[in-house]
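Q: model this:
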Amino acid sequence: MTLSMTLAGQGYSTACPGGQIKSPNYPHNYDDNLNLHWRLTAPTDQRIILNFTKLPALECCCDFLKIYAGSTADHEPIATYCSDKEETLIASPGNALFVTFSSDETVSDSGFSATYFCLDCNKYLTNPTGEISSPLYPDNYINDASCSWLIEVPEGKQILLTFVRLELECDSDKVEIYDGKDDGADLIVDLCTYPSENAVLSSSNTLYVTFTSDSSTTFPGFLATYTEYTCGDVLTDSSGSFTSPNYPGNYYSNLNCEWTIRVEENCIVVLNVIYVDTECEWDELKAYDGSNSDCSLLGSFCDNYPQTVQSTSNTMYLTFNPDDSGVGRGFQVLYSTKCPTVSPPVTNVYPKIGTHPKIGTHPKIGILPKIGSIVHKLIDFKKSLLFHKK
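A: Okay, the predicted model is just below:
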């Protein structure tokens, strides 16, 4: 990528992104009877920005600085300077500029100084996060701009584009956002002022953004950040909560959200929908009795709350897939775990058979006194009593 230059008949080249051109002897007075030219060219898909940091107080009859679109002076100049001005910026309509400077033998001046750089206005972005902006932001963008950005993240991700600033001429300058790889994809929105939520979400892993301006008034333009986006989670705590993206603000269109709640084995999930405001039929929150959407549907929620549903196992699966039409504030849900009650073991407070006293001991079964001996014992006892009475 080079930018070539011819100076006073002697050519040399310098690499983009830029450099400097100035009148001979700058900042001292230039010579008389000069006839100089600079040819600036960039790659075909880029433009040249020429920024004059100092312009001469030239004699408009005789000394001129002229800028032409293209690589020659065959056409009318797009700018002519013969008076002292402050900073002036020129953007090439195409990929080339031709600059001429001429002086006569009368009064001379300190001349001019300018910097230039190549403007790459079409980019392919694959980082997980980044930013895009109008040319020269935060300064006013250039006239006749035509810029594009293709943002691509890994499969399974979405792209969330958030506008930090957006200030355009609404009659003819705009940002267009397409849900795909080029401007043949579905147009999500065209903007000259902030979208309702300052953000746009792709439905897949690619997003194509364009910016165009006409040849009239310019403004500071726009700055936007992007990030790869995933909606949903796997929740394994015994209780918790989650909400729709951007809650309590409006949720985004084109969301692909999935939550899996998995609690302790032999327990069930109790889901409590405490608030929901979505577009019924199209943007419902759905809960399934299992690990995917093939399982039985427990409930669909769009404006009916509060409401509680329970799974029959330890897993519940939820989806939220709003379309690209209306949006609402979304939802807030709580979940908890319900486990079966287990009774404590029963403790027998009575002695077990055969222990304390053991059957056969104290006195042992089998050594009890014989019945006859008991009778003799009783007779002897009575005789003893009679003897003592006497």
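
Q: hang on, residue 66 packs against residue 79?
A: Yes: counting by CB atoms under 8 Å, residue 66 does reach residue 79; the two are 7.2 Å apart. No exception for glycine: its C-beta is placed from N, CA and C like everyone else's.

Q: okay, those two: which has more neighbours?
A: Per other CB atoms under 10 Å, whichever of residue 66 and residue 79 has more neighbours is residue 66, with 18 against 15.

Q: the more buried one: what's it in contact with?
A: Neighbour list for residue 66: 73, 77, 79, 80, 81, 99, 100, 101 [criterion: CB atoms under 8 Å, 6 or more residues apart in numbering].

Q: of the residues you listed, which qualify as buried by neighbour count?
A: Buried members of the contacts of residue 66, counted by 16 or more other CB atoms under 10 Å: 77, 81, 99, 100, 101.

Q: sorry, back to before: pLDDT check: weakest of the contacts of residue 66?
A: Across the contacts of residue 66, the bottom pLDDT score, 80, is held by residue 81.

Q: which non-adjacent residue is nearest residue 153?
A: residue 228 (3.9 Å; CB to CB, 6 or more residues apart in numbering).

Q: state the pLDDT value of the one you found.
A: 96.

Q: check the one 4 residues further on too.
A: What the model reports as pLDDT for residue 232 is 95.

Q: just the element for it, please.
A: strand 231-235 (DSSP states H and E).

Q: please name every helix or strand in contact with that strand.
A: For strand 231-235, the packing partners by 3 or more CB pairs under 8 Å, 6 or more residues apart in numbering; DSSP states H and E come out as strand 257-262.

Q: contacts only, for residue 63.
A: Neighbours of residue 63 in contact, by CB under 8 Å, 6+ apart: 56, 82, 102, 103, 104, 108, 109.

Q: any idea how far it lies from residue 273?
A: 78 Å (CB to CB, to the nearest Å).

Q: tell me, how many residues neighbour residue 82?
A: Neighbour count of residue 82, defined by other CB under 10 Å: 17.

Q: correct me if wrong: it contacts residue 65.
A: Yes: contact status for residue 82 versus residue 65: in contact at 7.3 Å, counting by CB under 8 Å.

Q: rewinding a little: pipe the contacts of residue 66 into TSV and attach secondary structure per row.
A: Output for the contacts of residue 66, formatted as TSV (DSSP: H, G, I helix; E, B strand; the rest coil):
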residue	secondary structure
73	coil
77	coil
79	strand
80	strand
81	strand
99	strand
100	strand
101	strand
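
Q: which among the residues you listed gets closest to residue 148?
A: Among those, residue 79 lies closest to residue 148 (CB to CB), at 26.8 Å.

Q: right, and the helix or strand after the strand holding residue 232?
A: That would be, after strand 231-235 and using DSSP H and E, strand 240-243.

Q: list the buried residues in stretch 277-294.
A: Buried residues in stretch 277-294 (16+ other CB under 10 Å): 277, 278, 279, 283, 284, 285, 286, 287, 288, 289, 290.

Q: export that stretch to PDB, keeping only CA atoms.
A: In PDB, the C-alpha atoms belonging to stretch 277-294 read as follows (Å, rounded to 0.1, in the frame of the first residue of the first chain):
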ATOM      1  CA  ASP A 277     -44.100  -8.000  29.800                       C
ATOM      2  CA  THR A 278     -43.400  -9.400  26.300                       C
ATOM      3  CA  GLU A 279     -45.200  -9.500  22.900                       C
ATOM      4  CA  CYS A 280     -47.600 -12.400  23.200                       C
ATOM      5  CA  GLU A 281     -47.500 -15.200  20.600                       C
ATOM      6  CA  TRP A 282     -44.100 -14.000  19.300                       C
ATOM      7  CA  ASP A 283     -41.900 -13.200  22.300                       C
ATOM      8  CA  GLU A 284     -43.000 -15.600  25.000                       C
ATOM      9  CA  LEU A 285     -40.800 -17.000  27.700                       C
ATOM     10  CA  LYS A 286     -41.300 -20.800  27.600                       C
ATOM     11  CA  ALA A 287     -40.500 -23.400  30.300                       C
ATOM     12  CA  TYR A 288     -40.000 -27.100  29.500                       C
ATOM     13  CA  ASP A 289     -40.000 -30.100  31.900                       C
ATOM     14  CA  GLY A 290     -36.500 -31.400  31.100                       C
ATOM     15  CA  SER A 291     -33.300 -30.600  29.400                       C
ATOM     16  CA  ASN A 292     -34.500 -29.300  26.000                       C
ATOM     17  CA  SER A 293     -37.500 -28.000  24.000                       C
ATOM     18  CA  ASP A 294     -38.500 -31.600  23.000                       C
END
